[in-house]
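Chemist: The following comprises the amino acid sequence and a computationally predicted model.
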Amino acid sequence: QAGRADNFGAGPTGLPVSVLERIMQEGLSYQDSGMSVMEMSHRSRWYDAIQASAEAGLRTLLDIPDDFSVLFLQGGASLQFSMVPMNFLAEGKTAGYVTTGSFAKKAFSEAKRIGNAKVVASSEDRQFTTLPELDGAMLDPDLAYVHFTSNNTIYGTQWKDWPNGIRVPVVADMSSDILSRPIDFSRFDLIYAGAQKNLGIAGLTVVIVKRAFVLEHAISGLPSMLSYKVHLENDSRYNTPPVFSVYVLSLLLDWVKSLGGLDAMTARNEVKANLLYKTLDQSNGFYQGVASTEARSLMNVTFRLQNPDLEPSFLAAAKEAGFVGIGGHRSVGGCRVSLYNAVELEQVQRISKFMEEFRAQHT
Ligand code: PMP
């Protein structure tokens, strides 16, 4: 699309052009409402239908079981770092955290502000370049819950299989890979994700939670806005939800469906990531992947240049060539190309070609 950058940002990131076009078409008047979605009441019939469509779309695409509720909240994934322990970490109990990256560590440190929490597995001793063993049978059955992060956005690692055999409730931060592959809900009690990667734009946090977990285990007496129970009882409309972000989500879900749903999305993501990893692996060490091969993320491809002195000119040349968002996170440096759902294969082909040319010029 002319005039559009190749956006490989880690989030926020690009949206499908057809979704942006639809937003523009409906920008002055949504259906027969005479107003844009930005301007309408969250209790209007149009928004009722938008929220219902977003929920139905998620339920269909992710095959969410009936005993789970879908909540549309605010505060980002970061507020979930606090809400999870506030709701589920009772006094006298301990929560277990699997620390596999920066966000996992942040979740752990927020839990410690609320109550007792301990690390049950970690890859910090390997600089988060891989994932630890997670043996459910070894875990203390008295834990209030275990928290893990399905995809580590900064380091570029991703759990390939969901944790199995865990006898305590399982909570997962899926901010950077939700909707990129199927989820086996039998393994989880609560998952959450900030929307600004695969679910659209910032301002919305999606929480998918087993109702019984909330009704039977959530701590009562919390401030209303921090209580899952309150949001559940109010159909995510205890207060004004992020109406526009929910609308974008509903359009995005229609787009995923139009491409063939989640299996098609997984296949597409594998092709994109394989192409880029192949570019790294066939570079004679010029580009070096950060994540260990078996833990490589399909969403965030992290790498360094063998010669670190070349990195600034690599990043500058990439920028010049129209590639956006490929500098590594400010905490780790290096390079990171994020390949969320909306990134097209042609865009990956372009950056891969660019990387090969850059290597040819500098070897
Ligand atoms: N968890 C993960 C895995 C993330 O990638 C991010 C954001 N990049 C966050 C949490 C924080 O999300 P938010 O900015 O929505 O609070």
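Modeler: In hand now; what should we look at?

Chemist: gap between the residue in the stretch 101-250 of the chain positioned nearest to the ligand and residue 46?
Modeler: The ligand sits closest to residue 194 of the stretch 101-250 of the chain, with a gap of 2.7 Å, by Cβ to the nearest ligand atom. C-beta here means a position set from N, CA and C on the backbone, and glycine is covered the same way. Distance from residue 194 to residue 46, counting by Cβ to Cβ, to the nearest Å: 25 Å.

Chemist: Give me the more crowded residue out of the two.
Modeler: Counted by other Cβ atoms under 10 Å, residue 194 and residue 46 do not tie: residue 194 has more neighbours, with 26 against 17.

Chemist: Over to the more buried one: give its phi and psi.
Modeler: phi -70, psi 150 (degrees, to the nearest 10).

Chemist: returning to that earlier point: I'd say the residue of the stretch 101-250 of the chain closest to the ligand and residue 207 touch.
Modeler: No: using Cβ atoms under 8 Å, residue 194 is not in contact with residue 207, being 10.6 Å away.

Chemist: low-confidence ranges in this structure?
Modeler: Scanning the chain for pLDDT under 70 picks out nothing.

Chemist: Which residues of it lie near the ligand?
Modeler: Contact residues, the chain versus the ligand (Cβ under 6 Å from any ligand atom): 11, 76, 77, 78, 103, 149, 153, 173, 175, 176, 194.

Chemist: make it 8 Å
Modeler: 10-11, 75-81, 101, 103-104, 106-107, 149-154, 173-176, 194-197, 202, 205 (Cβ under 8 Å from any ligand atom).

Chemist: are any of those residues buried, and which?
Modeler: 10-11, 75-81, 101, 103-104, 106-107, 149-154, 173-176, 194-197, 205 (16 or more other Cβ atoms under 10 Å).

Chemist: all strands of the protein, in order?
Modeler: 6-7, 68-73, 94-99, 116-122, 146-149, 151-152, 157-158, 170-173, 190-194, 205-210, 287-289, 300-305, 323-324, 335-338 (DSSP state E).

Chemist: Give me the packing partners of the second one, helices and strands only.
Modeler: Applying 3 or more Cβ pairs under 8 Å, 6 or more residues apart in numbering; DSSP states H and E, one finds that strand 68-73 makes contact with helix 45-62, strand 205-210, helix 211-217, helix 228-233.

Chemist: Among the buried ones among the residues of the chain next to the ligand, which ones are in helices?
Modeler: Among those, DSSP state H puts 76, 77, 78, 79, 80, 81, 103, 104, 106, 107 in helices.

Chemist: and the residues you listed as CSV, adding distance to residue 238?
Modeler: Output for those, formatted as CSV (distance: Cβ to Cβ, whole Å):
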residue, distance to residue 238
76, 18
77, 20
78, 20
79, 14
80, 16
81, 20
103, 26
104, 29
106, 26
107, 24
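
Chemist: For residue 335, state which of those is nearest.
Modeler: Within those, proximity to residue 335 (Cβ to Cβ) peaks at residue 103, which comes in at 19.3 Å.
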